[in-house]
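Enquirer: Provided below for reference: sequence and predicted model.
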Amino acid sequence: MRAWYLEIMESLQDMSHVAVIANPVSGAGHSKAVAGALAQRLRGDGYEVVEVPTRLEDARSWLDPALEEASAALVVGGDGTVRLVAESVVRTETPTWQVPCGTENLLARTLGMSADYSAICSAMEQGQVEQLDVARANGVICLLMASCGFDAAVVHDLASRRRKSIRHWHYLPCILRQLWRWRPVSMTLKLDGRMVREHEAGWCFICNSAEYGARFNPAPDADMTDGLLDVVFLPTRSRFQVLRWMHRARRGDHLRFQGSLHARANHVQLEFEPDCPWQVDGDPPAGRDKNEESRLDVQCLPGRFSALLPLSKSP
């Protein structure tokens, strides 16, 4: 019992030095305003705070130095902002909390993080950290999920037209356009070197988290601490099948139907036609042309992301 108590106490950290990170243009400036108010309140309560606006250049130059000095990182924004900082969090092992200001806020939803000030302070005071798995998809950090198929086409469509912060209804015209343009895409899927699908028209999800956008959860039992990725393959040979799988997934029984595949693996290799888009954590991979790639290689990296736990989630 004493050994267990000492282990828990050693895991608690002094989190008096806080980095507050926000995208200054996200949500028409909403994230910046929330971050500013949060930083001011933390300073008033005796925390040492550095405010870090996100930038487009390599995070090694602007974020790593701040996180190396910080004992906790509060990321104000949506899942895109969290993924932007994930590389630095992995490198610096800084305990991180998402202050949800995005459309979905999937990490916060998964772990029970909120924008409530008392909850944030309680978590930092307790200092309990859980090491979450991450993955690399074609070299790009992946915290939540990657996919190839219809949803990725919708993500690319939205990104190409996005001019400001988005709401759920912004996806509707993109979904309709991509349904109109949809055609079956042949895929070949290997899990830990074992062939499980070969030249089959389908839709593939590679999930680290059980949460997905709009409560469409392809892998509802995915665990961010098990060292494995949950892979779901849904055969789609028609627009009707796309809509049917969407409906079933929203209902939560899609994995019961014939043809669906659910498996777990550490290493996922997916080959597809060159013009088939893929996405990671709800965004197109930055700086990549979807027409240049016909392979998605995803490797799970167990326990590499330090997440600050809410009080209710702590042991």
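Expert: Ah, there it is. Treat the numbers as computed from the prediction; the structure is a model and nothing was measured.

Enquirer: helix or strand for residue 108, which one?
Expert: Using DSSP states H and E, residue 108 sits in helix 106-111.

Enquirer: Tell me, how many residues neighbour the closest residue to residue 80 other than its chain neighbours?
Expert: Setting aside the residues directly before and after it, residue 80 is nearest to residue 283 in space (C-beta to C-beta, 6 or more residues apart in numbering), at 5.4 Å. To be clear about C-beta, it is placed using only N, CA and C from the backbone, and glycine gets the same treatment. Neighbours of residue 283 under the rule other C-beta atoms under 10 Å: 17.

Enquirer: Surely residue 283 is in contact with residue 84?
Expert: No: if you go by C-beta atoms under 8 Å, residue 283 and residue 84 don't touch, sitting 9.4 Å apart.

Enquirer: Okay, helices next: where are they in the stretch 201-315 of the chain?
Expert: 239-251 (DSSP state H, counting those that start in this stretch).

Enquirer: Quick one: list the elements packing against the helix holding residue 108.
Expert: Applying 3 or more C-beta pairs under 8 Å, 6 or more residues apart in numbering; DSSP states H and E, one finds that helix 106-111 contacts helix 79-92, strand 96-100.

Enquirer: Against which helices or strands is the helix or strand just after it packed?
Expert: Per DSSP H and E, helix 106-111 leads on to helix 117-126 as the next helix or strand towards the C-terminus. Under the contact criterion of 3+ C-beta pairs under 8 Å, 6+ apart, helix 117-126 touches helix 30-44, strand 96-100.

Enquirer: CA atoms only for the helix or strand harbouring residue 135, dumped as CSV, please.
Expert: In the assignment (DSSP H and E), residue 135 maps to strand 129-137. The C-alpha coordinates for strand 129-137 follow below in CSV (Å, rounded to 0.1, in the frame of the first residue of the first chain):
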residue,chain,number,x,y,z
VAL,A,129,-1.4,12.8,-15.9
GLU,A,130,-2.3,10.0,-18.3
GLN,A,131,0.0,9.0,-21.1
LEU,A,132,-2.1,8.7,-24.3
ASP,A,133,-1.2,6.9,-27.5
VAL,A,134,-0.6,8.9,-30.6
ALA,A,135,0.1,7.7,-34.2
ARG,A,136,2.0,8.8,-37.2
ALA,A,137,0.1,8.8,-40.5
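
Enquirer: Distance from the chain centre to it, please.
Expert: 10 Å (C-alpha atoms, centre = their mean, to the nearest Å).

Enquirer: Let me see the residues that make contact with it.
Expert: Residues from elsewhere that reach strand 129-137 (C-beta atoms under 8 Å, 6 or more residues apart in numbering): 11, 13, 86, 90, 95, 111, 141-143, 146, 206, 208, 224-229, 278, 280, 285, 296-309, 313.

Enquirer: Just want the angle from it to helix 79-92.
Expert: Strand 129-137 runs at 110 degrees relative to helix 79-92, counting by axes from the mean of the first three to the mean of the last three C-alpha atoms, to 10 degrees.

Enquirer: Let me know the angle separating strand 129-137 from helix 117-126.
Expert: Angle of strand 129-137 versus helix 117-126, following the same axes, to 10 degrees, is 100 degrees.

Enquirer: strands paired with strand 129-137, and their directions?
Expert: Here strand 129-137 is paired, per DSSP bridges, with strand 140-142 (antiparallel), strand 295-308 (antiparallel).

Enquirer: deepest of the ones you listed, which one?
Expert: Most buried of those, by mean neighbour count (mean count of other C-beta atoms under 10 Å): strand 140-142, with a mean of 22.

Enquirer: three-state assignment of residue 24?
Expert: coil (DSSP: H, G, I helix; E, B strand; the rest coil).

Enquirer: ok now do it, which residues does it touch?
Expert: Residue 24 sits next to 31, 32, 53, 54 when contact means C-beta under 8 Å, 6+ apart.

Enquirer: of all these, which comes closest to residue 119?
Expert: Distance ranking of those against residue 119, using C-beta to C-beta, places residue 31 first at 18.2 Å.

Enquirer: For burial, what's the neighbour tally of residue 30?
Expert: 17.

Enquirer: Surely it is in contact with residue 103?
Expert: No: counting by C-beta under 8 Å, residue 30 does not reach residue 103; the two are 11.9 Å apart.

Enquirer: thinking again about what came up before, please pick the buried ones from the contacts of residue 24.
Expert: Buried subset of the contacts of residue 24 (neighbour count, 16 or more other C-beta atoms under 10 Å): 31, 32, 54.

Enquirer: Quick check: the second one touching residue 53?
Expert: Same thing as residue 32. Yes: look at residue 32 against residue 53 with C-beta under 8 Å: they come within range, at 7.3 Å.
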